[in-house]
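Asker: Curious how this folds, go ahead:
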Amino acid sequence: MQRIVILNPKGGSGKTTLAINIAGYYAQRGEQPVLMDYDPQGSSTRWVRRRSTTQHPIRLITAYERDARTTRAFQLRVPTDTSRVIIDTPAAIDARDMAEL
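Answerer: Now for the predicted structure:
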């Protein structure tokens, strides 16, 4: 499984646009991509949820959400048949937070 992290310290630089287009590309090729949205704005999440059910599927992990009822590892689990994970990051990531990505 390949992980593609879209990272830029500046907001508004096109990280989400790039992430969703990469995910759409791999889905159209028949692969099983997962789009992991770490950005609290949730733009990638909204985009995936608006996609038509007739389009090639893109799985979504809303990594910016925290659920106190489950472990973080369980929340971020990736299905075993995933071919690519595309990670949409928020702006201005602290160096200490990069390890999770």
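
Asker: Please make it C-alpha for all contacts and neighbour counts, starting now.
Answerer: Will do.

Asker: residues of stretch 51-70 that come out buried?
Answerer: Neighbour counts over stretch 51-70 (16 or more other C-alpha atoms under 10 Å) mark H56, P57, I58, R59, L60, I61, T62, A63, Y64 as buried.

Asker: do stretch 12-26 as well
Answerer: K15, T16, A19, I20, I22, A23, G24, Y26.

Asker: Validate this expectation: M36 resides in a helix.
Answerer: No. Applying DSSP: H, G, I helix; E, B strand; the rest coil, one finds M36 to be strand, outside a helix.

Asker: That one contacts A63, doesn't it?
Answerer: Yes. Using C-alpha atoms under 8 Å, M36 is in contact with A63, at 6.1 Å.

Asker: Show the contacting residues for the most centrally placed residue in the chain.
Answerer: Note on the chain: the residue nearest the mean C-alpha position is M36, at 1.9 Å, using C-alpha atoms, centre = their mean. Residues near M36 by C-alpha atoms under 8 Å, 6 or more residues apart in numbering: L60, I61, T62, A63, V85, I86, I87, D88.

Asker: The last one - how many residues pack around it?
Answerer: Here the neighbour count serves as a burial measure; for D88 (other C-alpha atoms under 10 Å) it reads 27.

Asker: Apart from its neighbours in sequence, what residue is nearest it?
Answerer: In space, and not counting its chain neighbours, D88 is closest to D37: 5.0 Å by C-alpha to C-alpha, 6 or more residues apart in numbering.
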